[in-house]
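Visitor: Give me the fold of what follows.
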Amino acid sequence: MKHITIKITGKVQGVGFRYTTKVVADQMGVRGMIRNEKDGTLYIEAEGDDTLLEVFLEWCHEGPDRSQIENVEVSPGELKNYRNFEIIKK
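Guide: Got it, this is the predicted structure:
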């Protein structure tokens with residue numbers, strides 16, 4: 001199991017990104033969370049094995065149809081042992 005944090009910039013809010021990401025994560029068995037940030041970016045924490053996270057990251061570079069991804073920053077993090085994938089609403 002591995003933990004990564006992902007920051008996505010571009011047109012990523014108001015396009016169903018959080019909901020679609022949850023559906024994809026649930027289908028893949030990736031656990032973690034996603035939330036909108038005040039600066040217009042998306043913040044994701046994801047946990048899974050290397051192969052799962054690789055495929056999940058590929059999806060994050062594409063996103064839902066109406067999104068426009070400008071940049072995806074990925075950094076390793078400490079395992080938090082999430083039980084599922086949830087949308088955090090501030």
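
Visitor: Please name the residues that touch the residue nearest the centre of the chain.
Guide: Nearest to the geometric centre of the chain sits I44, at 4.0 Å (CA atoms, centre = their mean). Residues in contact with I44 (CB atoms under 8 Å, 6 or more residues apart in numbering) are T5, I6, K7, I8, T21, G32, M33, I34, C60. Every C-beta, even on glycine, is put in place using the N, C-alpha and C of the backbone.

Visitor: what do you get if the cut-off is 10 Å, keeping everything else the same?
Guide: The neighbours of I44, taking CB atoms under 10 Å, 6 or more residues apart in numbering as the test, are 4-8, 17-18, 21, 25, 30, 32-35, 56-57, 60, 72, 74, 85.

Visitor: and the residues you listed, which of them are in strands?
Guide: Among these, the ones falling in strands (DSSP state E) are I4, T5, I6, K7, I8, G32, M33, I34, R35, V72, V74, F85.

Visitor: out of these, which are buried?
Guide: Burial by neighbour count, judged by 16 or more other CB atoms under 10 Å, picks out I4, I6, I8, G32, M33, I34, V72, F85 from those.

Visitor: since we're on the closest residue to the last one other than its chain neighbours, how many residues are nearby?
Guide: Looking back up the chat, that one is F85. In space, and not counting its chain neighbours, F85 is closest to A25: 3.8 Å by CB to CB, 6 or more residues apart in numbering. If you count neighbours by other CB atoms under 10 Å, A25 ends up with 26.
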